[in-house]
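Q: test case, fold it:
(one chain, ligands or ions: 2)
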Amino acid sequence: MIQAQKGTKDILPAEISNWQKMEKIANEVFSKANFHEIRTPIFEATELFARGVGDSTDIVNKEMYTFEKSERSLTLRPENTAGVVRAYIEHGFSRLPQPVKLWYKGPMFRYERPQAGRQRQFHQVGVEMFGAAEPSADAEVINLAVKYLNELGLNDLDIEINSLGCPECRKNYREAIKAVLKPYLSELCEDCNFRYEKNPLRILDCKVESCKKIFEKEEIQKVILGDFICPECKEHFEKVKEYLSALGIPYKENRLLVRGLDYYNRTVFEIKSNNLGSQNAVCGGGRYDSLVETLGGPNTPAVGWAMGMERLNSLISKQQEQRLDVFVISENMPETFKIIEEIRQAGFSAEFDYANRKFKKQLDKAAKTAKYALILMDDEIKSNTVTIKNLDTSEQVNVSRNNYLDSIKI
Ligand code: ATP
Ligand code: MG
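A: Ligands and ions are numbered 1, 2, ... in the order given. Below you'll find the model as predicted:
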């Protein structure tokens, strides 16, 4: 019996609806922000990733599916930023009015140890924005990630940000980190020792417990928390934070956040969920102002991110398992009992507030536990209607009491 390869999965009809939803909502959310979809090939010249992702990364060193055909070395794409940048250059997109805003979705391939949340063929959805150096572009793409997650009904997420500075200011930081880590080299893991020469900042991102312990040492913390970035980079970072606050996006600064790819500068960010176990990152991204030039194009600032769709899918599924279909909001208990029976009879799960608290309290409860709030206050009762609020999208309709069940779509 030939079976699906280790680290790959069939997506069966029974679970396709979440995938279709992730794709549809991506198109809707990104189109509204004037991002356009691009589809690039699944294999590219190996050289593209070696240069574009960076030869000090785990991806290029250990994780690529590389093969030869007609003496050309080819690689199944392990991520899609390099491919999109190649297309941007190849099609002369730098001559278009900037910024050029693109998004993609599709399978990626990395030869890693399969485990929960980690496959060898997995899917990413991502956005890339070219030609805008301003911090408003960083805030726009972070905002877009958050909007997309919210539209999928995912709200309980941690957004972490950091600034890696520019190549100039990072030089000093890199030297300081190297100096302070030097006495501990023999205690750090093999990967960290390898990174020490090639990309010492990446050491800080190490997930090995004994390494993490070392980073907690006072003299190392002092370097990590020190002020290494130059005034321009600092101002950029302050603006990004200011805009995120204006957007109402809560974030945490994490000075250890470095990200796996070599090409990032200034802003980097990750979005994590507590519901994913140890592989808890759903989204990672940042600014990569030098990559277009590195790959042979004109000097073009850029910023973007990628999300793992398998991890998104498992968050959506978990939430669907836990969530009620309908929460009835009313201050009239007899009417509540009547309607709750109708809803349950129709096959939906439904709940109400036994303590009959104020409207706002009930709405808060509904938002935390259900997909729809069904509002049955005095106005509705008088007009023989109900108001149905979709708690994912905040859309609200007032419909007749006779056919309101049609408006509940699970
Ligand atoms: P990790 O630290 O989990 O290895 P990464 O830094 O390698 O992540 P990125 O290259 O930034 O990840 O990819 C962005 C997102 O793609 C990740 O946050 C994750 O959700 C997803 N992802 C990455 N590798 C895999 C994989 N092997 N299987 C499933 N999803 C993945
Ligand atoms: Mg990885």
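Q: which residue is the nearest non-sequential neighbour of residue 89?
A: Distance criterion CB to CB, 6 or more residues apart in numbering; nearest residue to residue 89, sequence neighbours excluded, is residue 297 at 3.7 Å. Glycine gets a C-beta too; all of them are placed from N, C-alpha and C.
Q: no wait, residue 79
A: Spatial nearest neighbour of residue 79, chain neighbours left out: residue 108 (5.8 Å); criterion: CB to CB, 6+ apart.
Q: just residue 25 next, same as before
A: The shortest distance from residue 25 to any non-neighbouring residue, by CB to CB, 6+ apart, is to residue 151 (5.0 Å).
Q: so who does that neighbour touch?
A: Applying CB atoms under 8 Å, 6 or more residues apart in numbering to residue 151 gives the contacts 25, 28, 29, 392, 393.
Q: helix/strand/coil for the third one?
A: Secondary structure of residue 29, reduced to three states by DSSP: H, G, I helix; E, B strand; the rest coil: helix.
Q: same check, this time on the fourth one
A: Assigned by three-state DSSP, the conformation of residue 392 is coil.
Q: quick check, pLDDT for it.
A: pLDDT for residue 392: 77.
Q: number of residues surrounding the residue nearest to it when sequence neighbours are not counted?
A: If the residues on either side of it in the chain are set aside, residue 392 comes closest to residue 153, at 4.4 Å by CB to CB, 6+ apart. By the other CB atoms under 10 Å criterion, the neighbourhood of residue 153 contains 18 residues.
Q: what's the separation between residue 153 and ligand 1?
A: Using CB to the nearest ligand atom, to the nearest Å, residue 153 is found at 17 Å from ligand 1.
Q: how about the contacts made by the nearest residue in space to residue 402 that is not next to it in sequence?
A: With CB to CB, 6+ apart as the criterion, residue 402 has its nearest non-adjacent residue at 7.9 Å, and that residue is residue 384. Residues near residue 384 by CB under 8 Å, 6+ apart: 400, 401, 402.
Q: before we move on, what about residue 3?
A: For residue 3, no contacting residues are found, by CB under 8 Å, 6+ apart.
Q: quick check: residue 284 is in a helix.
A: No. With three-state DSSP as the criterion, residue 284 is located in strand rather than a helix.
Q: what strand or helix carries the residue of the stretch 101-250 of the chain found nearest ligand 1?
A: Nearest residue of the stretch 101-250 of the chain to ligand 1 (CB to the nearest ligand atom) works out as residue 122 at 3.5 Å. If you go by DSSP states H and E, residue 122 is part of strand 121-130.
Q: which elements pack onto that strand?
A: Strand 121-130 is packed against helix 16-32, helix 81-90, strand 100-109, helix 135-151, strand 302-308, helix 309-322, with contacts defined by 3 or more CB pairs under 8 Å, 6 or more residues apart in numbering; DSSP states H and E.
Q: sheet partners, orientation included, of the third one?
A: In the sheet, strand 100-109 lines up against strand 36-37 (parallel), strand 121-130 (antiparallel) (DSSP bridges).
Q: so for it, what gets flagged as buried?
A: For strand 100-109, a neighbour-count test (16 or more other CB atoms under 10 Å) marks 100, 101, 102, 103, 104, 105, 106, 108, 109 as buried.
Q: now the residues you listed in CSV, with pLDDT and distance to ligand 1?
A: Below are the buried residues of strand 100-109 laid out as CSV (pLDDT from 0 to 100; distance: CB to the nearest ligand atom, whole Å):
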residue, pLDDT, distance to ligand 1
100, 98, 22
101, 98, 19
102, 98, 17
103, 98, 14
104, 98, 13
105, 98, 12
106, 98, 12
108, 98, 7
109, 98, 9
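Q: got these as JSON lines, with distance to residue 275 columns?
A: As requested, the buried residues of strand 100-109 are arranged in JSON lines below (distance: CB to CB, whole Å):
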{"residue": "100", "distance to residue 275": "35"}
{"residue": "101", "distance to residue 275": "30"}
{"residue": "102", "distance to residue 275": "30"}
{"residue": "103", "distance to residue 275": "25"}
{"residue": "104", "distance to residue 275": "26"}
{"residue": "105", "distance to residue 275": "22"}
{"residue": "106", "distance to residue 275": "25"}
{"residue": "108", "distance to residue 275": "22"}
{"residue": "109", "distance to residue 275": "26"}
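Q: quick revisit: spit out the contact partners of the residue nearest to residue 79.
A: For residue 108, the contacting residues are 77, 78, 79, 80, 121, 122, 123, 124, by CB under 8 Å, 6+ apart.
Q: cool, residue 330 as well?
A: Listed by CB under 8 Å, 6+ apart, the contact partners of residue 330 are 336, 339, 352, 362, 375, 376, 377.
Q: ok so, going back, now, which of the contacts of residue 108 sits nearest residue 219?
A: Nearest to residue 219 out of the contacts of residue 108 is residue 79 (CB to CB; 35.1 Å).
Q: secondary structure class for the closest one?
A: Under three-state DSSP, residue 79 falls in the coil class.
Q: tally of neighbours for the closest residue to ligand 1 within the chain?
A: When distances are taken as CB to the nearest ligand atom, the chain reaches nearest to ligand 1 at residue 308, 2.3 Å away. When neighbours are defined as other CB under 10 Å, residue 308 has 23 of them.
Q: in contact with it, which residues?
A: 117, 122, 123, 124, 281, 282, 283.
Q: what of residue 390?
A: 371, 372, 396.
Q: give the buried subset of those residues as a ChimeraX selection command.
A: ChimeraX command restricting these to the buried ones, with burial defined by 16+ other CB under 10 Å:
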select :371,372
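Q: ok, back up a step: my guess is the residue of the stretch 101-250 of the chain closest to ligand 1 contacts residue 310. True?
A: Yes. Counting by CB atoms under 8 Å, residue 122 does reach residue 310; the two are 5.2 Å apart.
Q: mind jotting down where the strands sit in the stretch 151-300 of the chain?
A: Assigned by DSSP state E, counting those that start in this stretch, the strands in the stretch 151-300 of the chain fall at 157-163, 252-253, 265-273, 281-287.
Q: who does the first one touch, helix- and strand-wise?
A: Going back to what we said before, that points to strand 157-163. Where contact means 3+ CB pairs under 8 Å, 6+ apart, strand 157-163 is packed against helix 135-151, helix 231-246, strand 252-253, strand 265-273.
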